[in-house]
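*Asks:* sequence first, then the predicted structure:
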Amino acid sequence: MRVNLSRKRAFTLVELLVVIAIIGVMVGLLLPAVQAAREAARRMSCGNNFKQLGLANHNYHTAFNMLPRHGTGTKVSAGPSIGWWNGFNNENSWRFSALVGMLPYMEQQAMWERISSPMVGRVDGVAASFGGNAANPWPAMGPTPDNVNYIPWVTDISTFRCPSDPGVGLPALGRTNYGVSLGDSHFLNLEGPVNRNSTDSIGRPFNAGLFDASRAANRGAFVSVQTIGLRDILDGTANTILMGEMASDLGDRDIRTAPAFFGNTNAVRDNPSSCQPGVNPLRPQFWLNPLPAPFFGLATSTFNRGFRWADYYPWATGVHTILAPNKTVCGGVNGGANLICPPSSRHQGGVHVLMADGAVKFITDSIEAGNSANGVVWAGGPGNRAAGSISPYGLWGALGTRANKEVISAEF
């Protein structure tokens with residue numbers, strides 16, 4: 001009788017370890033590719049949002065023969081506007097950003113109707129004034145954009161958010177990753193041609209001196225409280241930036257999103273790179289902790305980039321073509337009114353911009369941006385900073401001016 005002995009074949013420990021190692025290497029190679037593909041999709045979606053905003057701007061212009069006004073709204077109380085920067089429950093004190101005006105032209109008609117009509121309801125649910133009951137509803141056009149209990153102001157609008165930006169929640173209200181272009185000078189960006197401390201009663205108290213100063217410095221596609229139309233973009237809509245991208249703050253002392261206040265407003269005006277000594281040399285995307293003199297420190301957490309889509313402050317909804325993309329947000333100690341706010345993003349190597357003709361471009365961080373130590377153009381500026389001067393910031397600065405006769409001959 002023959003006995004057939006069969007021997008079962010199995011993996012040895014060495015073979016198993018080799019297989020596991022091969023799988024690990026393949027996964028290691030695959031994950032970056034998956035992450036890159038996801039970021040490419042997010043970046044494409046981010047650009048598509050800009051296209052929607054471009055259509056909103058042009059549809060608004062078709063309706064009113066002007067771009068949405070930046071620094072607008074209503075004022076119900078008579079008398080001087082002293083204290084206009086503080087929060088009000090019964091009026092918005094002309095603090096709306098241009099994004100508010102775009103709402104009904106970007107499929108946000110329902111949100112616009114809530115804002116433009118008296119509304120009852122508070123974020124905290126308290127049935128008290130303002131807005132908590134029918135006897136004291138929020139007024140039509142709402143309170144100032146810093147009011148945390150006004151439901152529209154704390155609502156995220158999907159078209160205002162870039163999927164690549166992870167920022168969410170308080171202390172921000174409704175976040176935005178898109179801001180309007182204020183040009184190549186930050187001088188008088190908040191005031192524009194308006195003296196808000198005037199004794200004039202209801203209405204915008206334009207001031208002749210401020211109007212001349214604003215006209216000299218505010219050369220972007222948007223000027224606070226002033227009407228600008230496509231007819232005013234004499235450099236050509238294909239050569240003028242209308243809006244730019246911004247990253248919203250994550251509370252991590254990021255130089256692009258946490259504004260630093262310098263000790264001397266004029267120093268930053270005369271040298272936009274004055275804030276560079278506050279950057280951590282070991283981690284150049286973050287501020288030193290603590291900041292050295294003459295810095296006063298970082299802005300309070302409610303004044304960070306992209307934190308209020310409804311507010312027209314430069315740190316909230318504005319971008320400049322002074323420093324190159326993803327550089328420092330910094331300025332004088334004045335509530336953020338004179339900050340230099342470069343565009344920024346969570347994308348690798350650059351930012352999206354929306355041109356005035358509706359085209360969306362990706363601008364690299366290495367764009368030719370002239371001399372960052374050269375002061376900005378303003379009415380009292382000397383030499384190449386005088387009114388009417390060519391932008392000191394090269395191709396980048398030229399793209400930010402609407403009617404300065406620069407010739408854009410380079411690809412961007």
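*Replies:* All right, it came through fine.
*Asks:* quick check: longest helix in this protein by residues?
*Replies:* Taking DSSP state H as the assignment, the helix of the chain that covers the most residues is helix 13-64.
*Asks:* what are the contacting residues of the helix or strand of the chain with the lowest mean pLDDT?
*Replies:* Within the chain, judged by mean pLDDT, DSSP states H and E, the helix or strand with the poorest mean is helix 208-217; its value is a mean of 80. By Cβ atoms under 8 Å, 6 or more residues apart in numbering, the surrounding residues in contact with helix 208-217 are 183, 185, 187-189, 191-195, 223, 226, 376-379, 387-388. From N, CA and C alone the C-beta is placed, and that goes for glycine too.
*Asks:* buried among those residues? Need that as a selection in ChimeraX.
*Replies:* To isolate the buried ones among these in ChimeraX, judged by 16 or more other Cβ atoms under 10 Å, type:
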select :183,185,187,188,189,191,192,193,194,195,223,226,376,377,378,379
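*Asks:* so which of the contacts of helix 208-217 belong to helices?
*Replies:* Judged by DSSP H, the subset of the contacts of helix 208-217 located in helices is empty.
*Asks:* how many other residues sit next to L29?
*Replies:* Here the neighbour count serves as a burial measure; for L29 (other Cβ atoms under 10 Å) it reads 9.
*Asks:* let me redo that: N48
*Replies:* Taking other Cβ under 10 Å as the criterion, the count of residues near N48 is 13.
*Asks:* which residues of the stretch 201-350 of the chain fall in strands?
*Replies:* With DSSP state E, counting those that start in this stretch, the ranges of strands along the stretch 201-350 of the chain come out as 241-245, 260-262, 297-298, 318-319, 330-332, 339-340, 350-355.
*Asks:* list the buried ones in stretch 355-363?
*Replies:* Going by neighbour count (16+ other Cβ under 10 Å), the buried part of stretch 355-363 is M355, A356, G358, V360, K361, F362, I363.
*Asks:* from R175, how far off is the first one?
*Replies:* M355 sits at a distance of 24 Å from R175 (criterion: Cβ to Cβ, to the nearest Å).
*Asks:* and if you look at the second one?
*Replies:* According to Cβ to Cβ, A356 and R175 sit 25 Å apart.
*Asks:* backbone dihedrals for N133, please?
*Replies:* Per-residue torsions, N133: phi -150, psi 170 (degrees, to the nearest 10).
*Asks:* that one touches R122, doesn't it?
*Replies:* No: contact status for N133 versus R122: not in contact, 9.6 Å apart, counting by Cβ atoms under 8 Å.
*Asks:* picking that back up, out of the buried residues of stretch 355-363, who's nearest K51?
*Replies:* Nearest to K51 among the buried residues of stretch 355-363, counting by Cβ to Cβ, is V360 at 5.8 Å.
*Asks:* would you mind measuring from that closest one to F50?
*Replies:* V360 sits 5 Å away from F50, going by Cβ to Cβ.
*Asks:* intersection of neighbour lists for these two?
*Replies:* When Cβ under 8 Å, 6+ apart defines a contact, the residues bordering V360 and F50 alike are H352, V353, L354.
*Asks:* for burial, what's the neighbour tally of the second one?
*Replies:* By the criterion of other Cβ under 10 Å, V353 has 25 neighbours.
*Asks:* helix or strand: which one has T144?
*Replies:* Under the assignment given by DSSP states H and E, T144 is not contained in any helix or strand.
*Asks:* quick check: it touching W94?
*Replies:* No: under the criterion of Cβ under 8 Å, T144 makes no contact with W94, lying 9.5 Å away.
*Asks:* show me the shaky parts of this structure.
*Replies:* Using pLDDT under 70 as the threshold, the predicted model of the chain has low-confidence ranges 1-11, 30-37, 76-87, 195-208, 334-336, 410, 412.
*Asks:* just list the residues touching A267, thanks.
*Replies:* Applying Cβ under 8 Å, 6+ apart, the residues contacting A267 are S274, P294.
*Asks:* cool, A135 as well?
*Replies:* S129.
*Asks:* over to I322?
*Replies:* The contact partners of I322, taken as Cβ under 8 Å, 6+ apart, are D184, S185, H186, P272, I340, P342, S372, V376, Y393, G397, G400.
*Asks:* tell me the one of those nearest A299?
*Replies:* Of these, the one sitting nearest to A299 (Cβ to Cβ) turns out to be I340, at 13.2 Å.
*Asks:* can you verify my assumption that the closest one contacts D184?
*Replies:* No: with contacts counted by Cβ under 8 Å, I340 stays clear of D184, the gap being 10.3 Å.
*Asks:* count of residues packed around V407?
*Replies:* Here the number of neighbours of V407 (other Cβ under 10 Å) works out to 9.
*Asks:* oops, could you answer that again for A216 instead?
*Replies:* Other residues lying near A216 total 21 when counted by other Cβ under 10 Å.
*Asks:* separation between the nearest residue to P139 once chain neighbours are set aside and I233?
*Replies:* With Cβ to Cβ, 6 or more residues apart in numbering as the criterion, P139 has its nearest non-adjacent residue at 5.7 Å, and that residue is N90. For N90, the distance to I233 equals 37 Å [Cβ to Cβ].
*Asks:* neighbour count winner among those two?
*Replies:* Comparing N90 with I233 by neighbour count (other Cβ under 10 Å), the higher total belongs to I233, at 20 against 16.
*Asks:* just the helices from the stretch 301-412 of the chain, written as ranges.
*Replies:* Defined through DSSP state H, counting those that start in this stretch, the helices belonging to the stretch 301-412 of the chain, from first to last, are 314-317, 394-400.
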